[in-house]
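# With the input below, show me the fold.
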Amino acid sequence: MQASFDFTPGLTVQFPRLRDVLCAAVYGSRSGLKGAAADLDVSPSELSRMLNREQDDPRKLDVEDMVALIASTGDTRPVQWLIERFLRDPAQQRAMAAAQIAQVLPALIELAREAGVATAGRRK
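Next up, the predicted model:
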């Protein structure tokens, strides 16, 4: 049995704010800022201002802009961010983590034995 582990932090850890993941989606997309701006029918500088963290700017992203950016970039991380932020039940997360531990624990114990790591009940 071979187990794989993903230590990548969740989206809400990588991107503390929804605006952060939207920026990553736009700037990381194939068409970039210019392409996304064209799809939203705004100039690249205007879209840049909309994505800017400064809250003093009168031009802000609205919900329709966010939907258009997701469609433009094809990047669903903003939707996944919202799900992670609002729909994950802590009890369910703990249960899933416990199930994963139970699944990989036998393999870890076997690997520890093969590596010669002392285990409970074994004398040196």
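# any idea how this protein splits into domains?
Here the domain parsing of the chain from automatic domain parsing is 11-86, 89-124.
# For the residue nearest the centre of the chain, give me its contacts.
In the chain, the centroid-proximal residue (Cα atoms, centre = their mean) is L11; its distance is 2.4 Å. Listed by Cβ atoms under 8 Å, 6 or more residues apart in numbering, the contact set of L11 reads V21, R77, Q80, W81, E84. The way it works is simple: take the backbone N, C-alpha and C, and place the C-beta from them, glycine included.
# For E114, grab phi and psi.
phi -60, psi -30 (degrees, to the nearest 10).
# how much space between it and A107?
Separation of E114 from A107 (Cβ to Cβ, to the nearest Å): 11 Å.
# In terms of neighbours, single out the busier of these two.
Legend: neighbour count by other Cβ atoms under 10 Å for E114 and A107, higher for A107 (12 against 8).
# Now the more buried one, what are its backbone angles?
In this entry, A107 is assigned phi and psi values of phi -70, psi -40 (degrees, to the nearest 10).
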